[in-house]
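Task: produce atomic coordinates for the following.
(chains A and B)
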2 protein chains.
Amino acid sequence: MVMTGEDRVTHTEASDFDLASYLKDKKQLVEAALDQSLPIIRPEKIYEAMRYSLLAGGKRLRPILCLTTCELMGGTVEMSLPTACALEMIHTMSLIHDDLPAMDDDDYRRGKLTNHKVYGEDIAILAGDALLSYAFEYVATQTRNVDLANLMNVIARLGRTVGAAGLVGGQVLDLESEGKLDVTVDTLKFIHIHKTGALLETSVVSGAILAGAKQEDVERLSRYAQNIGLAFQIIDDILDVTASTEELGKTAGKDQRDKKATYPSLWGLEESQKQAQALIDDAIAQVDPYGQSAQPLKAIAQFIVARKN
Amino acid sequence: MVMTGEDRVTHTEASDFDLASYLKDKKQLVEAALDQSLPIIRPEKIYEAMRYSLLAGGKRLRPILCLTTCELMGGTVEMSLPTACALEMIHTMSLIHDDLPAMDDDDYRRGKLTNHKVYGEDIAILAGDALLSYAFEYVATQTRNVDLANLMNVIARLGRTVGAAGLVGGQVLDLESEGKLDVTVDTLKFIHIHKTGALLETSVVSGAILAGAKQEDVERLSRYAQNIGLAFQIIDDILDVTASTEELGKTAGKDQRDKKATYPSLWGLEESQKQAQALIDDAIAQVDPYGQSAQPLKAIAQFIVARKN
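Numbering: from 1, shown residues only, chains lettered A, B, ... in the order given. Next comes the predicted model:
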C-alpha cells in the first residue's frame, strides 16, 4: 500500500475502515478545542505567540492517539479531550524551544516561520513556558468524569514525559551527539525513546488511563506506542533524506548538514525502512486482541510508516 | 525594629517568637527535600544544571510559606512538603529563564554565576523546562494524605501561576516596559502582581488548600499574600537603589541602568517605604484572628519589609 500524505490515505487492506475521514474528524475536534482553549487577553503579545504555534496545523497525531485509546477502553471524548489538548500544547512547546537559535536554530516549522523569527527569542522562550504550564492547568481544570486518581496518574506522566526523563533528556543527548562521528545505535535509540517516543507513549497510554483501563491493557498499549514511536523517528530520518523542504514543511536535508547520526546514516535507507516496518508489525500485533475496535490504532500504525511528511 | 538580614532577625515585639530559628529549621527541611528530589542520572549534564540552580541557596521563602499555612490550617509537613519543593522548582525555573541573554541578560544570581554562564544557553533553557515539568510530576507523585480534589486545585493553581496569567504575563509586560519613560503605577502593579505576587500568593494559599482550609480562610490568606507580595517587590526596588551587589548577591543598581520604572522612581524612596509598611500592616491584620498560631506569618510579613537582601 502506498500513501501520499494524510489527505490521500486510502482504505486499509483488512477492512473498510476509512483512516482519512477518521483523522480528519478527530483533527477538527482537536483544532476547535485548541482554538477555544486560549482566548487573547492582556498582555496580548504572549497569547498571540502561543496561539501562533499552537494553531499552526500539524497532524495532531498525539491528541488523536489519546482520544482513540480512551474510546477503545470505553471512555468518552469529554474525558480525554482536555488531556489531548494538553499533549499538543506540550508538543508545541517542545518545538518552539527546540527551534531557538541556542538549540537547533531553525527558521521554518510546519511551513511557517518559527516562533522566535516572528516574536523574538524572549517571547518564544516565554510562550513555550506558558504553553507548558497551561497544559497542566488545563488538564486539572477542564477534565470531567474522570476518577481523580487516574487523572493524577496522567498528570504525573505528562510531567515525566517533558522533563529530564523524557523530551528534555532526549534533546540534551541529541545536542551532545551533534557532529560526533561515533554515535552508536544504542545512543540514537536513547535519544529517540526520550525525545519522540516518550510523548507518543504518554499520548497513547493517557487516553487509556483516563478511561480506567486495566494494567494489562496499559502495558499492551505502551508496547504499541513504543514501537510506533521508534518507527516514527526512523521514518522521520528517512524523509529528511528523501523528501523536499516543500513536502516536509520544514528544512529538508538538515540532519546531513548538521552531521547528525541518523538511522539511514547507520543502517542505510533500505534496512531502516525494513526495521520501521517490523516495528509497525509488532505494534499491530499488540492491539490485535481488541478486534474491530482496534482498527484506528492499526491504521495509524500503518500510516506512520507510509507517510510522506 | 531594625533587622540586618535573615541571620540576625531578632524576636518580634509582640511575642517570644523566634523567626530566625523558625526560618532556619524550615529552610533545612526544604533544602534536604530538594537535594533528595533530584538524583543525577543519564544524561548527567541536565540534572547537574538543574541541581546547580535549585540548590544555589536563597531564602526559600515560598516553600516556607506553604509549609507554614498548611500547619496553620491543621495540616502536616508530609502533606505540604512536595508542593513546597515544587514551588521552589518553579521559582528557580523562572529565575534561570529570566536571566537568559534574550531576557534580562544577567551574569550573577544568588551570588553565583547564572545557569547559562556555566552550562550554556541551550542547557539553561532545557534545565528550566525540566524543572517546571518536574514540579508537576513531583507534586502528583509525592504528595501523601491529601484529598485528591484539593491536590488537583493546587496543581491547577501552580499551572496558572507560571503561565501567561502569572509569571510569564508579568515578565512579558516587564520586558515591554523596559526603557519606557511613561510607565504608570497601574502597569507597574500589573507587572508585579503577575511576576512576583502570583507565586507568593500560590505559595501561601496552596499550603492552606492542601490542609483542607475553608474558602473564607483561603480568601483571608490570599489577601495576606497579595499584600506581602507587593511589599516584597517595593522593597526589592528599594534595595536595588540602596544595597550593594555584595549584599544582594545579584547586580545592584540594575533597574537604573536598564531605565526600569520602579516604585522609588515613581514615588521616591520615603513614600515607597511607607507604602510597603502599610501593606505589611494590612497583611498582619488579615491573619490576626488566628491568634498565636499566626505568629510565623506575622513575623514573615515584618521580615519582608525589614530585610536587607
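
how about whichever residue of the stretch 151-300 of chain A sits closest to chain B, what does it touch?
Nearest residue of the stretch 151-300 of chain A to chain B: residue A:159, at 2.9 Å (C-beta to the nearest C-beta). For every residue, glycine as well, the C-beta is placed using N, CA and C. Going by C-beta atoms under 8 Å, 6 or more residues apart in numbering or on different chains, residue A:159 touches A:136, B:133-138, B:140.

run the last query once more with 7 Å
B:133-134, B:136-137, B:140 (C-beta atoms under 7 Å, 6 or more residues apart in numbering or on different chains).

Over to residue A:252?
Counting by C-beta under 7 Å, 6+ apart, residue A:252 has contacts A:240, A:243-245.

out of those, which are inside strands?
Using DSSP state E, no member of the contacts of residue A:252 falls in strands.

Out of those residues, which end up buried?
If you count burial by 16 or more other C-beta atoms under 10 Å in any protein chain shown, the buried members of the contacts of residue A:252 come out as A:240, A:243.

rewinding a little: can you sort out which of the contacts of residue A:159 also neighbour chain A?
B:133-134, B:136-137, B:140 (C-beta under 7 Å from any C-beta of the partner chain).

which one of the contacts of residue A:252 sits closest to residue B:51?
Nearest to residue B:51 among the contacts of residue A:252: residue A:240, at 34.8 Å, using C-beta to C-beta.

now that closest one: how far from residue B:17?
For residue A:240, the distance to residue B:17 (C-beta to C-beta, to the nearest Å) stands at 64 Å.

and if you look at residue A:151?
For residue A:151 relative to residue B:17 (C-beta to C-beta), the value is 40 Å.

And those two? Which one has more around it.
Higher neighbour count among residue A:151 and residue B:17: residue A:151, with 23 against 14, using other C-beta atoms under 10 Å in any protein chain shown.

what's the burial count for residue A:305?
22.

Leaving out the residues flanking it, which one is nearest to it?
Excluding its sequence neighbours, the residue lying closest to residue A:305 (C-beta to C-beta, 6 or more residues apart in numbering or on different chains) is residue A:280, at 4.6 Å.

now residue A:114
Nearest residue to residue A:114, sequence neighbours excluded (C-beta to C-beta, 6+ apart): residue A:99, at 4.2 Å.

was I right about that neighbour contacting residue A:106?
Yes - counting by C-beta atoms under 7 Å, residue A:99 touches residue A:106, with 4.4 Å between them.

On the three-state scheme, the spatially most distant residue from the centre of chain A is what?
In terms of distance from the mean C-alpha position of chain A, residue A:42 ranks first, at 30.3 Å (C-alpha atoms, centre = their mean). Of the three states, residue A:42 takes coil according to DSSP: H, G, I helix; E, B strand; the rest coil.

what residues are up against it?
With C-beta under 7 Å, 6+ apart, residue A:42 has no contacts at all.

next one: residue A:141
residue B:156 are the contacts of residue A:141 under C-beta under 7 Å, 6+ apart.

Pretty sure it sits in a strand.
No - counting by three-state DSSP, residue A:141 is not found in a strand; it is helix.

Check the gap between it and residue B:165 for me.
For residue A:141 relative to residue B:165 (C-beta to C-beta), the value is 12 Å.

For the stretch 51-200 of chain A, which segments are assigned as strands?
For the stretch 51-200 of chain A, strands defined by DSSP state E, counting those that start in this stretch occupy the ranges A:108-109, A:112-113.

Please compute how far the last one lies from its chain's middle.
Looking back up the chat, that one is strand A:112-113. On the basis of C-alpha atoms, centre = their mean, to the nearest Å, strand A:112-113 sits 19 Å off its chain's mean C-alpha point.

Relative to it, what are the paired strands and their orientations?
Strand A:112-113 sits in its sheet next to strand A:108-109 (antiparallel), going by DSSP bridges.

Contacts for the partner strand, please.
By C-beta under 7 Å, 6+ apart, strand A:108-109 touches A:95, A:99, A:114, A:250-251.

repeat that with 8 Å
For strand A:108-109, contacts defined as C-beta under 8 Å, 6+ apart pick out A:53, A:56, A:95, A:99, A:114-115, A:245, A:249-251.

Repeat that for stretch A:268-283.
Counting by C-beta under 8 Å, 6+ apart, A:223-225, A:227-228, A:230-231, A:234-235, A:237-238, A:241-242, A:263-264, A:267, A:301-302, A:304-305 sit against stretch A:268-283.

Derive a PyMOL selection command for the buried subset of those residues.
To isolate the buried ones among the contacts of stretch A:268-283 in PyMOL, judged by 16+ other C-beta under 10 Å, type:
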select buried, chain A and resi 223+224+225+227+228+230+231+234+235+237+238+263+264+267+301+302+304+305
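
what would the ones next to chain A among the contacts of residue A:159 look like in TSV with neighbour count?
Formatted as TSV, the ones next to chain A among the contacts of residue A:159 follow (neighbours: other C-beta atoms under 10 Å in any protein chain shown):
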residue	neighbour count
B:133	29
B:134	26
B:136	30
B:137	23
B:140	25
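
Can you tell me how far the residue most central in space within chain A is from residue A:95?
In chain A, the centroid-proximal residue (C-alpha atoms, centre = their mean) is residue A:62; its distance is 4.5 Å. Distance, residue A:62 to residue A:95, using C-beta to C-beta: 12 Å.

same question, residue A:242
Taking C-beta to C-beta, one finds residue A:242 at 22 Å from residue A:95.

Give me the below-cutoff pLDDT ranges for the stretch 1-150 of chain A.
Along the stretch 1-150 of chain A, the parts satisfying pLDDT under 70 run over A:1-15.

ok and the residue in it nearest chain B?
Closest contact between the stretch 1-150 of chain A and chain B, by C-beta to the nearest C-beta, is at residue A:137 (2.9 Å).

what's near enough to touch that residue?
Going by C-beta under 8 Å, 6+ apart, the list of residues near residue A:137 reads B:155-156, B:158-160, B:163.

Out of the residues you listed, name the ones that lie in helices.
B:155-156, B:158-160 (DSSP state H).

For those, could you give me TSV that also reports pLDDT?
Shown next, in TSV, are those (pLDDT from 0 to 100):
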residue	pLDDT
B:155	98
B:156	98
B:158	98
B:159	98
B:160	97
